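Engineer: I would like the atomic coordinates for the input below:
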Amino acid sequence: MRFDEFVSDAEAYWRANPSQRKGQAYFNLLYRFRSDLANSLRSGPYDPFYNDDRLTDFLVTVQERW
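Structural biologist: Model (predicted):
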């Protein structure tokens, strides 16, 4: 999977799971495909799970580390 495919899939996952906030959905999908990367970001300044305002920085960081 390429990074752009992850973003597309994450957007679709978020739309299919309206009970999750966008940052939560993106993080959950990242964990499914790249648990190593998700775990490296967990609870840090780029983790959008509890704060959607971090989503842009999360995506930049994920792309850099992909």
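Engineer: helices of this structure, start to end?
Structural biologist: In the chain, helices defined by DSSP state H lie at 3-16, 22-33, 35-41, 55-65, listed in chain order.
Engineer: please name whichever of those helices is nearest to Phe49.
Structural biologist: helix 22-33 (4.5 Å; C-beta to C-beta). The way it works is simple: take the backbone N, C-alpha and C, and place the C-beta from them, glycine included.
Engineer: ok so, going back, can you add distance to Pro48 and mean neighbour count and give the helices of the chain back as CSV?
Structural biologist: Conversion of the helices of the chain to CSV gives the following (distance: least, C-beta to C-beta, whole Å; neighbours: other C-beta atoms under 10 Å):
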stretch, distance to Pro48, mean neighbour count
helix 3-16, 11, 14
helix 22-33, 3, 19
helix 35-41, 9, 14
helix 55-65, 5, 15
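Engineer: kindly reformat those helices as TSV containing mean pLDDT.
Structural biologist: Shown next, in TSV, are the helices of the chain (pLDDT from 0 to 100):
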stretch	mean pLDDT
helix 3-16	98
helix 22-33	98
helix 35-41	98
helix 55-65	98
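Engineer: nearest to Asp47, out of these?
Structural biologist: helix 35-41 (5.3 Å).
Engineer: that closest one packs against which elements?
Structural biologist: helix 22-33, helix 55-65 (3 or more C-beta pairs under 8 Å, 6 or more residues apart in numbering; DSSP states H and E).
Engineer: returning to what we had before: in a markdown table: the helices of the chain, plus distance to Phe49.
Structural biologist: Below are the helices of the chain laid out as a markdown table (distance: least, C-beta to C-beta, whole Å):
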| stretch | distance to Phe49 |
| --- | --- |
| helix 3-16 | 13 |
| helix 22-33 | 5 |
| helix 35-41 | 9 |
| helix 55-65 | 9 |
